[in-house]
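Enquirer: Structure, please.
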Amino acid sequence: MSNFVTVSEARPTREQLIELARRDPEAIADLVLMLWDRVEALEAKVAALERNSRTSSKPPSSDKGNFTNPPKPKSLREKSGRKPSGQPGHRGDTLRQTPAPDHVEEHRLAEGVRCAECGAPLSTAPAGVPLDCGSCERRQVFELPAIRIEVTEHRAEKTFCQRCGTVATAAFPDGVAAPVQYGPGVRATALYLGGYQLIPYARLAESFAELFGCPLSQGTLANFVRSAGENARQAMRPVRAALLGATTAHADETGCTVQGKRHWLHIFSTRSLSCYHLDAKRGAEAMERGGLISRYSGNLIHDCLGAYETFLDCHHFYCNAHLQRELTYLHEEMHQPWAADMIDLLLEAKALADLERARLPGTRRVIGERTEERIISRDTRIVLTGLAANPEPPPPPPGTKGRIKRGKPLNLLRRLDRRPLEIMGFFVNPEVPYDNNQAERDLRMMKVREKISGTFRSGDHGPAFCDIRSIISSVRKQSRGMLDSLVKLIASPTMLGEELASGQPT
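Expert: As a prediction, the model looks like this:
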């Protein structure tokens, strides 16, 4: 047997293997088992290399390929049958002339001008009389005015008591606290360009110098973020309270870098509010420190990370977009027929659930008892078919450490079998969405920020930026004026937080 321990050694001939099997059956059995383990390990490695953003939760940037034969992109969305561009009934929008222009420039015909065709003299409007719409052709040019910084000097009257010498000074307006400072408009614009448009500090400082004639150092911009972060933390108190009262919320997490070390950015959000939390950990300990998931009692949509399951007060529902990608991988790469049936079932159930949510009050239900029973029983049959095709592995020898290796198909089938309500909740509960795309969209721009600017280089800058981004994301979801909201964040953070929490301006 020692002659056939590794594949890297000389390949044995057929006659040698037959002789070994005749002379030492135990040795040939050990060889077959060793090679079997080697094949399984290599197949697992190949399968991992073939996974991409379409068949797993890996980001598109991790997809492998080359310039001559890149992987063909495919979407999980079904074709709508509609042509690209504007749809029938779409109301177009274009630049139109305004009846009240800011400036008017008149271009008059030369004195004594004649007709270009016959040479006859032409009558022109009297000099000094403005041209009216009937005697001119109008064209308008929309242009940005020259932007420059305005300096306002505040002078507070001072006097002193003739009797005791006490100095009396008039009060300065709120927010005017230093001999020289930048106003809320400058700060809000810096936050808008840096926190919302994600322009890095160096380019942001250059932009201020070029656009406004106001050179700002990168240190000044960082101080703007720290100061606004404190205000954002204050504004987030009513927002966090509103998130805890939401019927349905989404949670997710993604990796990021702080001072060169791996950290995790957690999101807890709804369709109208967002809250980011930066932590050195990913699991339940970090979620506990975030202060929302541990106190939430509504419907929580998330992926299948086990840490979420430790919080028992909320109702857990899984992201079916993740599940759909896993099923696609099992069907296309591991040739599991039941996975295609499960994809079809999920898409049919989603279509029915969408119709049910769009149903007008008082009309006939789309999902009745018979439809619900049909979908649930079909789900059960597909899972049983998959379990029959992927039986449990034999128990390991006594003393073997670690978990039993079941493989991806069986692990997913066990999840489908044990968590039917968490997976099919969108079908039976109209408050539960099909996927966790809301949280993934909320995290996407933070990943874009990391690709543009890289790591957070100080321990306090990351949390401050996350609080500011929580406000920015909530403002955007509610279609509020971004620049006006950032000015309010600087001047009245509590008022802004209460407006966002209520969804109505106060």
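Enquirer: Find the least confident helix or strand in the protein, judged by mean pLDDT.
Expert: Ranked by mean pLDDT, DSSP states H and E, the weakest helix or strand in the chain is helix 25-50, scoring a mean of 83.
Enquirer: Determine how far that one lies from the middle of the whole chain.
Expert: Put simply, helix 25-50 sits 41 Å off its chain's centre (Cα atoms, centre = their mean, to the nearest Å).
Enquirer: Domain-wise, how is this structure divided?
Expert: Domain ranges of the chain: 2-37, 221-298+456-502, 320-359+367-390+407-428, per automatic domain parsing.
Enquirer: winner for burial among those domains?
Expert: The highest mean neighbour count among those, using mean count of other Cβ atoms under 10 Å, belongs to domain 221-298+456-502: a mean of 19. Where C-beta positions appear, they are placed from N, C-alpha and C, glycine not excepted.
Enquirer: chain center to that domain: distance?
Expert: 13 Å.
Enquirer: Now do the end-to-end distance for that domain.
Expert: Across domain 221-298+456-502, the straight-line distance between its terminal residues is 31 Å, by Cα to Cα, to the nearest Å.
Enquirer: Next one: the one residue sitting closest to the centre of the chain from K447, what distance?
Expert: When Cα atoms, centre = their mean is applied to the chain, the residue found nearest the centroid is R441 (2.4 Å). According to Cβ to Cβ, to the nearest Å, R441 and K447 sit 11 Å apart.
Enquirer: Now for I367: which residues touch it?
Expert: 352-353, 356, 427 (Cβ atoms under 8 Å, 6 or more residues apart in numbering).
Enquirer: I figured F317 hits L300, correct?
Expert: Yes: using Cβ atoms under 8 Å, F317 is in contact with L300, at 7.0 Å.
Enquirer: Tell me which of the contacts of I367 fall in helices.
Expert: Counting by DSSP state H, the contacts of I367 place 352-353, 356, 427 in helices.
Enquirer: Out of those residues, flag the one nearest to G213.
Expert: Looking at the ones in helices among the contacts of I367 and their distance to G213, the nearest is A353, at 55.7 Å (Cβ to Cβ).
Enquirer: Would you mind measuring from A27 to R11?
Expert: Counting by Cβ to Cβ - A27 and R11 are separated by 17 Å.
Enquirer: can you check R233 too?
Expert: Per Cβ to Cβ, R233 is found 67 Å from R11.
Enquirer: before we move on, what about T257?
Expert: 47 Å.
Enquirer: Over to S217?
Expert: On the measure of Cβ to Cβ, S217 and R11 end up 68 Å apart.
Enquirer: do the same with P337
Expert: 36 Å.
Enquirer: cool, E230 as well?
Expert: 70 Å.
Enquirer: Go through this protein and flag its longest strand.
Expert: strand 248-258 (DSSP state E).
Enquirer: could you give the mean pLDDT of it?
Expert: For strand 248-258, mean pLDDT rounds to 95.
Enquirer: Give me the three-state assignment for the closest residue to R359 other than its chain neighbours.
Expert: In this structure, R359 finds its nearest non-sequential neighbour in V366, 5.8 Å apart by Cβ to Cβ, 6 or more residues apart in numbering. For V366, the assignment made with DSSP: H, G, I helix; E, B strand; the rest coil gives coil.
Enquirer: gap between V366 and Q324?
Expert: 22 Å.
Enquirer: now T400, what's its secondary structure?
Expert: Going by three-state DSSP: T400 is coil.
Enquirer: Also the one 5 residues further on?
Expert: With three-state DSSP as the basis, the three-state label of K405 is coil.
Enquirer: pretty sure L292 is touching C275, no?
Expert: Yes: using Cβ under 8 Å, L292 makes contact with C275 at a distance of 6.3 Å.
Enquirer: Mind listing the shared neighbours of those two?
Expert: With Cβ under 8 Å, 6+ apart, L292 and C275 have common neighbours 240, 243, 268.
Enquirer: following the helix or strand that contains the last one, which helix or strand shows up next?
Expert: F268 is located in strand 261-269, with elements delineated by DSSP states H and E. Counting by DSSP H and E, the element after strand 261-269 in chain order, helix or strand, is strand 274-279.
Enquirer: Run the angle between that next one and strand 248-258 for me.
Expert: 40 degrees (axes from the mean of the first three to the mean of the last three Cα atoms, to 10 degrees).
Enquirer: What strands flank strand 274-279, and is each parallel or antiparallel?
Expert: In the sheet, strand 274-279 lines up against strand 261-269 (antiparallel) (DSSP bridges).
Enquirer: before we move on, back to that, of all the contacts of I367, which two lie farthest apart?
Expert: E356 and F427 (8.8 Å).
Enquirer: so what's F427 up against?
Expert: Counting by Cβ under 8 Å, 6+ apart, F427 has contacts 349-350, 352-353, 367, 372, 375.
Enquirer: Just put those in JSON lines and tack on distance to R282.
Expert: JSON lines is the format used below for the contacts of F427 (distance: Cβ to Cβ, whole Å):
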{"residue": "A349", "distance to R282": "31"}
{"residue": "K350", "distance to R282": "29"}
{"residue": "L352", "distance to R282": "35"}
{"residue": "A353", "distance to R282": "31"}
{"residue": "I367", "distance to R282": "37"}
{"residue": "E372", "distance to R282": "36"}
{"residue": "I375", "distance to R282": "34"}
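Enquirer: Quick check: the farthest pair among those?
Expert: K350 and E372 (14.1 Å).
Enquirer: For the closest residue in space to P409 that isn't next to it in sequence, report the pLDDT, please.
Expert: Excluding its sequence neighbours, the residue lying closest to P409 (Cβ to Cβ, 6+ apart) is N390, at 4.7 Å. N390 is assigned 95 on the pLDDT scale.
Enquirer: Please tell me I have it right and S274 contacts L265.
Expert: No: using Cβ under 8 Å, S274 makes no contact with L265, being 11.7 Å away.
Enquirer: just checking, Q140 touches T98?
Expert: Yes: contact criterion Cβ under 8 Å: Q140 and T98 qualify, at 6.8 Å.
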